[in-house]
Every structure is written in structure tokens, then in C-alpha cells.
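In: Model the following, please.
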Amino acid sequence: MHPTDVLIIGGGIAGAGAAFHLAGRARVTLLEAEESCGYHSTGRSAASYTENYGTPTIRRLAIASRPFLASPPPGFTETPIMLPRGMVTIARADQLDALAEELARAREFAPSVAPLPVSEALARVRILGPDYVAGAIIEPHSMEVDVAALHQGFLRGARRQGAQIVTEARAQAIQRRDGVWVVETAAGSFMAPVLVNAAGAWADHVAAMAGVVPLGLQPRRRTAMLLPVPDGIDTRGWPMINDVGEAFYFKRDAGAVFLSPADATPSEPTDAQPDELDIAVAIDRFQQATTMQVARVQRAWAGLRTFASDGAPVAGFDDRAEGFFWLAGQGGYGIKTAPALSLLTAAAVLDNSFPAALLAVGLQPQDLGPARLRQKQP
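Out: Next up is the predicted model:
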């Protein structure tokens, strides 16, 4: 039996961030089911930071996370976490009303978002179809995120502060005994008064295993692929291109074109794999919007984005299960919200408090806690 103060189930970006912020003030053990942390959603991210995407709660969490992402603690990483990218949202003629609505919504959280002349959008990304793009807006301060640097920075920092990271430690049984949670795994038995459920797509399964009523979290598959760049196309300086109807997005990535159809297909928790139809749909939408013809797919993959019913993350203690803390339902925005949610987790677990940085952007504990979802359950 391995006693500790806080057990974290899940070594993705959420669990790693929580371990980093907790480890300096508590004994922390992180249990990861796979051979390496971040195998699932974290390792399959689109690696984009934008304040103009997601629910109001997601946008506020992203804004609160930006200071850490832009200037992490000394020694956290040897390379910058964020690099300039910019994001241009485009619209067809029949989508111009939606684009105007998006601009108004965006400026509530990111005042720098502005209209972009179509001619400039076409000049920035020369493969965009002039007969397709009828309007555009730009978020100039959207960034590219080095997900590996952030994730590994969290894990290294947690270890330096004494946290134990145990891989191949899938939870096999969980129960509450004499005021502590006991988690049985193939790597041994672990116990702590506080259990942080950062299991991503498996969060509801972990809760059920622990005898805690699930929240109805829904994993949804998102497909992505890399397309080789034909000769004669210069991708340097491309911003991310986002369709206002959320039918696709693409960007330059490691000398190729990263493309997603922005699918959100309900799925059971699993090692998600790309579907051939989703790949075909993405290519068709991309070819309609651009002049680039796709000869082949260099690589394709899929990941699961897990959503609560209202689209906001769940971060807080369960009022029906002592010491059980939810850190799940990031809905595909886990990278850009990880610093804020990690800070929240540490404050709640260690001090029963709520970070001033989150209050400053207009968030309250009830915006994120599981009680809001419990109220909707029969």
C-alpha cells in the first residue's frame, strides 16, 4: 500500500498540471493507465491557443491561462510554449451574417479581433479560393502551443517537487475506506484522502468504479490529418484558417497541412481511430474552400474530446462523495485551459479556496463545479 495526500487518476494535460501545482505543498501520486502520459487526447491536440473559441467559460479560462503559457516559471521549459500564429475565420457569401455574429461575440473576450479584407486573407493564404471566401475576421493574438513542452514541463516540475508518476497503473478497483480513497492497480495499491479524477474520456467510468454517480460526460471523436504540400505552395507565415460554420479548419504544421473536419461524433471511451468517411469529408470541404488538390493523406489520427452537457469543464469536489474531485469535461480545450484549471484544483484541494486570477476574468466556483450538473439530473 502506497499512502499519499492526493491521488490523481490520468496523466494527460489536466492531471499533469494538477500534479505540478499540488506537489510543492502535498504528497502527490499520479496514476496513468497507459505506458506513457498523454497518450490519448493530449498527444493528439491541434495545439492552438485562441480566446475566440468555445463557450464563455472556456474563453475566460483561456484568458486566465495566458500569463502562464506566455511566461512559465523559470526552469519550466527550455523552449517557448507559445509561438505567434494568428487565426483567420472565413465565411462564404451565405455565411456573412454568421461571421458578423461571431465578430461581435469574439470582441467581448478578445477586443483585438477585427474584420480582415478578403484580399488580405487571400494574400496571407494563397490557396484560399477567391470564389469561396466572401468575408473574414482575424484574431491576431491567437498562438501556436508547444503541447509537448507544456505537458512535459508539468510532469518534470511535479517530479522535481516530489510527485510520484506511475505509468501502466490502470485503476482496477476504487473504494472509500476509513476516510481515504484506495485505488487498486496492476502497479500496486495506492491510498489518499483526496482523489482527483482527471481521466478524460474515462472520467465517468472512474466515478462509477468509485461508487460516485457519473455526470453524463460525453466523449466525442475529432479527426485530424496531415496533407503533403504540393510543389510551388509556400506555407510560411500561414495563420490558422477556421470556417465560421465549424465545418473545417487547417494550418501549416511541420511542413505539411494539418486539416480537420471539426467532427464531434459521440463515442465510447476508447483508443480513437480515424474514420475513412470523416477523412473524405474533410478533404472535400478543404478542396471546396481552396485551390489545392489533395493527392494523398500523409497521416491521419483521431482523439476524443469529452463534454459536459453545458459545454463547460467540471472542476470541483463532488458534494455527494467526500474527497472526490472532478477535473474533466474540457471539451477539446484542455491545453489552453490547463494552467487555470490546474491552479483551481490546487487552491480547492489545499485551501478550499478559489483563485483570484479566475475571479478576475469573471468566473465563480459554481460555473465549474459538478453541482451545476447534478441539479439537472433526475
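In: Any buried residues in the lengthiest strand in the chain, and which?
Out: Scanning the chain for the strand with the most residues, using DSSP state E, yields strand 218-228. Buried positions in strand 218-228, judged by neighbour count with 16 or more other CB atoms under 10 Å: Q218, P219, R220, R221, R222, T223, A224, M225, L226, L227. Using the backbone N, CA and C atoms, a C-beta is placed for each residue, glycine as well.
In: Helices along the chain, start to end?
Out: Remark: helices assigned in the chain by DSSP state H are 13-23, 56-70, 96-109, 118-124, 147-160, 203-209, 276-289, 334-351, 356-360, 371-374.
In: Deepest in the core, which of the ones you listed is it.
Out: Sort the helices of the chain by mean neighbour count, taking mean count of other CB atoms under 10 Å, and helix 13-23 sits at the top with a mean of 29.
In: quick one: low-confidence ranges for this structure?
Out: For the chain, the stretches with pLDDT under 70 are 376-378.
In: Distance-wise, check the residue lying farthest from the centre of it relative to M191.
Out: Outermost residue of the chain with respect to the C-alpha centroid, by CA atoms, centre = their mean, is D178; its distance is 35.2 Å. According to CB to CB, to the nearest Å, D178 stands 9 Å off from M191.
In: what's the closest non-adjacent residue to the residue positioned nearest the centre of the chain?
Out: What sits nearest the mean C-alpha location of the chain, by CA atoms, centre = their mean, is G334, with 2.2 Å. Nearest residue to G334, sequence neighbours excluded (CB to CB, 6 or more residues apart in numbering): I13, at 5.1 Å.
In: A46 contacts D253, correct?
Out: No: under the criterion of CB atoms under 8 Å, A46 is not in contact with D253, lying 9.0 Å apart.
In: ok, the closest residue in space to T50 that isn't next to it in sequence - contacts?
Out: Leaving out its chain neighbours, the residue that sits closest to T50 by CB to CB, 6+ apart is S142, at 4.3 Å. Contact analysis of S142 by CB atoms under 8 Å, 6 or more residues apart in numbering lists S48, Y49, T50, E51, N52, R85, G86, M87, P239, M240.
In: What is the nearest of the residues you listed to I165?
Out: Nearest to I165 among the contacts of S142: Y49, at 25.5 Å, using CB to CB.
In: Could you pull up the contacting residues of that closest one?
Out: A62, R66, L69, M82, S142, M143, E144, V145, I335, K336.
In: The last one reaches R60, doesn't it?
Out: Which is K336. No: in this structure K336 lies outside contact range of R60 using CB under 8 Å: 11.4 Å.
In: What about G311, how many residues nearby?
Out: 14 (other CB atoms under 10 Å).
In: what's the spacing between E268 and L217?
Out: E268 is 12 Å from L217, by CB to CB.
In: Which of these two has more residues huddled nearby?
Out: Counted by other CB under 10 Å, E268 and L217 do not tie: L217 has more neighbours, with 24 against 10.
In: how near is the more buried one to A149?
Out: 28 Å.
In: again, but for T337
Out: T337 is 17 Å from A149, by CB to CB.
In: again with T235
Out: The spacing between T235 and A149, counted by CB to CB, is 22 Å.
In: now swap in L69 and tell me
Out: 10 Å.
In: Next, show the common contact partners of those two.
Out: I81.
In: OK, contacts around the residue nearest to G334?
Out: G38, T42, V147, L150, H151, F154, G334, I335, A338.
In: Thought L150 was touching the last one, still the case?
Out: Yes: under the contact definition of CB under 8 Å, A338 touches L150, with a separation of 6.9 Å.
In: Distance of S119 relative to I127?
Out: From S119 over to I127 the distance is 15 Å, taken as CB to CB.
In: scratch that, G332 is what I was asking about
Out: Computed as CB to CB, the G332 to I127 distance reads 26 Å.
In: now I279
Out: 19 Å.
In: got it, and T265?
Out: Between T265 and I127 the computed distance is 27 Å (CB to CB).
In: So which of those two has more stuff around it?
Out: The neighbour comparison of T265 against I127 (other CB under 10 Å) goes to I127, with 20 against 15.
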